[in-house]
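A.B. asks: here you go, sequence then predicted model.
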Amino acid sequence: MRSASKAPDGTTGTSGTTFDRVLLGGKVLLLLAGLALVLAFPGLAPDAFILSVGVTIASYAALAVGWNFVGGFTGYISLGHAAYSGLGGYATALLIIDGGLNPWLALGVGALGVAVVAVPIGVASLRVRGASFVIVSIAMVLILLLVSQSWADVTGGSSGLRVPRPFSDDVLRPEQHERFFYLHVALVAVALLVWWAIDRSRFGIGLKAIREDEDKAQSLGVPTFKYKLVVFVISAFFTALAGGMYALWFGYLDPIFQFSILIGSYMVLMSLLGGIRSLFGPVVGAVIVGYSLEYFKNQYGDSQFHLVALGLMLGLVVLFMPDGVLPAIGQLVNRFRPTATSIREESAADLLARTTKTEPRQAEEVSR
């Protein structure tokens, strides 16, 4: 038998509760400090280049959080999510150029259009699992790459497509960087809020059941295909928003870059690095990967050394932190959790003595 051990004052669980409160307070302070740093970043950036790097990292964070709706909840690894960011960028640009829509309205309408397109794609691709799903996702982005390069009358072909800037000409480029930085941060915040709400809903419980054992979840009555399709469409919507906002900021769309397998791989790497099952994991991964990419590109120019460095980074994460940075930190913190209130073993002699004392009392109560 086991019984809860008591503290010297006769109470139980006080040390554990105190530790949990301190831990929660530390998390809140860390979150507030991170938020303050993010909001102050444009004012702290020494020049326009560093500010543009911040916008790029924020864009990566938006893409990673969008991808994590599928990868984090269902465990389905998609390497072709660049299809939806690329479609979001082109849809936004074409609605502005050919449709004459306001840039911000075009951004929302384009993302909704991509979400509609994602429904039949999801119906077809979500019927397979594992490596088959990965292959289907890669095939999708390659098909869109060929279409965007061949359909020159609409997409501009290999020459690319210029996207009108949403701000007037009197807004200088550094000021545009600052505005788009905050817009990307707002998009990340909304996506995280939706992810958090799903994580604590019945819908989220069903998705996590699919991630752990899809067949068992289906046998228990979870509508697995419906749940997967819904979260797939949500993921495509937020990824398309991130792609469209990047197009408005950068002002140019290149099909080779927009529909690149590398972009989808970055999304996976960022989420895995930070922690695929945690709320802020993709954001942490985006900061690490995004900064590393920009640093190596700046140091080594057009060489492919940054790909080698990212490959080494991914290998180190898989070997030493397979669950990601944030879960690894969480496990490290748990090692310092007090054990004074842990459950202890009760010896047979103690159990016999306690039982002997209890039985006369019960007999006395029955006689009364």
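C.D. replies: Done, it's in.
A.B. asks: drop to CA atoms for contacts and neighbour counts, all remaining ones
C.D. replies: Fine.
A.B. asks: for residue 295, what are phi and psi?
C.D. replies: Phi and psi for residue 295, reported as degrees, to the nearest 10, are phi -70, psi -50.
A.B. asks: got a list of what it touches?
C.D. replies: Residues near residue 295 by Cα atoms under 8 Å, 6 or more residues apart in numbering: none.
A.B. asks: how far does the helix or strand in which residue 64 is found sit from the chain's center?
C.D. replies: In the assignment (DSSP states H and E), residue 64 maps to helix 48-74. Taking Cα atoms, centre = their mean, to the nearest Å, the mean C-alpha location of helix 48-74 is offset from the chain mean by 8 Å.
A.B. asks: helices or strands up against that helix?
C.D. replies: helix 173-199, helix 202-212, helix 224-250, helix 261-274, helix 281-300 (3 or more Cα pairs under 8 Å, 6 or more residues apart in numbering; DSSP states H and E).
A.B. asks: in a markdown table, list the ones you listed along with distance to residue 106.
C.D. replies: Listed next are those as a markdown table, based on distance: least, Cα to Cα, whole Å:
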| stretch | distance to residue 106 |
| --- | --- |
| helix 173-199 | 15 |
| helix 202-212 | 30 |
| helix 224-250 | 9 |
| helix 261-274 | 23 |
| helix 281-300 | 26 |
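A.B. asks: would you turn those into CSV with mean pLDDT?
C.D. replies: Output for the helices and strands packed on helix 48-74, formatted as CSV (pLDDT from 0 to 100):
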stretch, mean pLDDT
helix 173-199, 95
helix 202-212, 93
helix 224-250, 96
helix 261-274, 89
helix 281-300, 87
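A.B. asks: any idea which of those gets closest to residue 75?
C.D. replies: Distance to residue 75, taken as Cα to Cα, is lowest for helix 202-212 among these, at 5.0 Å.
A.B. asks: quick one: name whatever helix or strand follows the closest one.
C.D. replies: helix 214-219.
A.B. asks: wait, which of the helices and strands packed on helix 48-74 is closest to residue 55?
C.D. replies: Nearest of the helices and strands packed on helix 48-74 (Cα to Cα): helix 173-199, 4.8 Å.
A.B. asks: got the buried residues for that closest one?
C.D. replies: By neighbour count with 16 or more other Cα atoms under 10 Å, helix 173-199 contains the buried residues 176-178, 180-185, 187-188, 191-192, 195, 198-199.
A.B. asks: low-confidence regions, the chain specifically.
C.D. replies: Residues of the chain that meet the criterion pLDDT under 70 lie in 1-16, 301-303, 339-368.
A.B. asks: how close does the spatially most central residue of it sit to residue 111?
C.D. replies: What sits nearest the mean C-alpha location of the chain, by Cα atoms, centre = their mean, is residue 65, with 3.1 Å. In this view, residue 65 and residue 111 are 15 Å apart by Cα to Cα, to the nearest Å.
A.B. asks: cool, residue 161 as well?
C.D. replies: Distance of residue 161 to residue 111, given as Cα to Cα: 18 Å.
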